[in-house]
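Colleague: got a sequence here, can you build the structure:
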Amino acid sequence: MSAQDFHPIDNRLGQCVGLAILIAVLAAAASAVAQSKPRARGLGIPFDGTPGPLNAITDVQGVEVGHVTLISGSGKLEVGKGPVRTGVTAILPRGKKSSDPVFASWFSLNGNGEMTGTTWVEESGFLEGPVMITNTHSVGVVRDSVIAWRVDHGQPAESEYWWSLPVVAETWDGYLNDVNGFHVKKDHVYKALEGAASGPVTEGNVGGGTGMICYEFKGGIGTASRKLSAEAGGYTLGVLVQCNCGRHDQLRIAGVPVGREIPGSPVYSKVVTPDGAAPRAGDDTGSIIIVVATDAPLLPHQLKRLARRASLGLARTGSVSGNGSGDIFIAFSTANSDASKPAGLRQLQMVPNDEMGSLFEATVEATEEAIANALVAAETMTGIDNHKVDAIPHDRLQEVLKKYNRLTRKQ
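Modeller: As a prediction, the model looks like this:
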């Protein structure tokens, strides 16, 4: 081909093709990173039910997840300077490009925590915008930043004024993180939202889960999904957790009392409460946020029923939802698009209540596995004042499961 044969349009086409290839490579790299972390099933841990292709909340078509992880500094705590072990996670029910609300409902198993925006979810039956998860003292900045992001990217309501009541949830990471340093900023929230994507979800010490502790092992973000049989509707259900709850001795995985079998270094006894005392025996100071997504056509009252079932998945892992725990769950359905249109009759679909059993079961199963995935993916972390929280040891975990004849593959 001569120089005369090379037209600008061909050059633009080549650039577009090259850009598409680059995007594909970057997406594949991100997927590889997400998949490189171990998962509970990969260790031979048995779980009930059939997972979706990714075994993640993003198996529900349209759902996107984004994380921003903040890790810097070491040694002695200097408030405002670090060490920093925190972040923010975004879950967008219909993705970044959609402003169509979804039917939703929420449930508080124990209310020593926060999830903003839930009074309007309860009143309206809709979730408008993303679900955000961060640390306890960053709820305000994340909430305000979501409003700003929606103003930047959306359109005003038909009444021609802007308003938003974002859903932002939290768990406390102050054992490892400079929680009073307010390190989560507006640009971090924007990056989590704009970087949200479908596909594999990175787990463990990421996003809002960066500094979290689960059953006194290192915890964080975990996810799982279930694909219902054709007879049960063929629906997909996914769960994402930010796990920061439970005492070491309570932990059960696949029915095995793992916490009693694996010696640990409990951290809750080292946490000082505002009155200067350590927590009382039998209590804990952790929390868990659980997000349930499904493509099954469910109405808000049915989603309330689904959110409640997450409690049973949590209980399977040993939690009793102690006084100091904020265990707050939200469930949404991506079916019934355009249901929130302000005028005209809406034609809706719903699963009959009598046929919700498989969805209840899927919620319990996926919640249990998501918590296990958070534990397995997490890595040992040292934070403020050299506080150290160990990850659950994979080899020892497999040994314990084998002892109880609960390992699904030979070691």
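Colleague: now the strands for the stretch 201-350 of the chain?
Modeller: 213-214, 217-218, 220-227, 236-244, 287-294, 326-333 (DSSP state E, counting those that start in this stretch).
Colleague: can you redo those strands as JSON lines with distance to L127, mean pLDDT and mean neighbour count?
Modeller: For every residue, glycine as well, the C-beta is placed using N, CA and C. As requested, the strands of the stretch 201-350 of the chain are exported to JSON lines (distance: least, CB to CB, whole Å; pLDDT from 0 to 100; neighbours: other CB atoms under 10 Å):
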{"stretch": "strand 213-214", "distance to L127": "26", "mean pLDDT": "96", "mean neighbour count": "30"}
{"stretch": "strand 217-218", "distance to L127": "30", "mean pLDDT": "96", "mean neighbour count": "26"}
{"stretch": "strand 220-227", "distance to L127": "18", "mean pLDDT": "98", "mean neighbour count": "29"}
{"stretch": "strand 236-244", "distance to L127": "14", "mean pLDDT": "98", "mean neighbour count": "31"}
{"stretch": "strand 287-294", "distance to L127": "10", "mean pLDDT": "98", "mean neighbour count": "30"}
{"stretch": "strand 326-333", "distance to L127": "5", "mean pLDDT": "98", "mean neighbour count": "27"}
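Colleague: how about those strands in a markdown table, adding distance to S311?
Modeller: Shown next, in a markdown table, are the strands of the stretch 201-350 of the chain (distance: least, CB to CB, whole Å):
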| stretch | distance to S311 |
| --- | --- |
| strand 213-214 | 17 |
| strand 217-218 | 21 |
| strand 220-227 | 16 |
| strand 236-244 | 12 |
| strand 287-294 | 9 |
| strand 326-333 | 7 |
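Colleague: out of those strands, which comes closest to R39?
Modeller: strand 220-227 (8.8 Å; CB to CB).
Colleague: ok, back up a step: between the strands of the stretch 201-350 of the chain, which one is closest to V151.
Modeller: With CB to CB as the criterion, V151 lies closest to strand 326-333 of those, at 22.4 Å.
Colleague: from the contact counts, what lies against that closest one?
Modeller: Helices and strands touching strand 326-333, by 3 or more CB pairs under 8 Å, 6 or more residues apart in numbering; DSSP states H and E, are strand 102-111, strand 167-171, strand 287-294, helix 300-316.
Colleague: residues near T118, how many?
Modeller: By the criterion of other CB atoms under 10 Å, T118 has 20 neighbours.
Colleague: residues in contact with it?
Modeller: Contact analysis of T118 by CB atoms under 8 Å, 6 or more residues apart in numbering lists W106, V167, I330.
Colleague: and if we set it to 6 Å?
Modeller: T118 is in contact with W106, counting by CB atoms under 6 Å, 6 or more residues apart in numbering.
Colleague: roughly how far does it sit from A331?
Modeller: As judged by CB to CB, to the nearest Å, T118 and A331 stand 12 Å apart.
Colleague: same deal with C214?
Modeller: Look at C214 and A331: by CB to CB, they are 21 Å apart.
Colleague: same check, this time on K81
Modeller: In terms of CB to CB, K81 sits 39 Å off from A331.
Colleague: what does K185 give?
Modeller: From K185 to A331 the distance is 30 Å (CB to CB).
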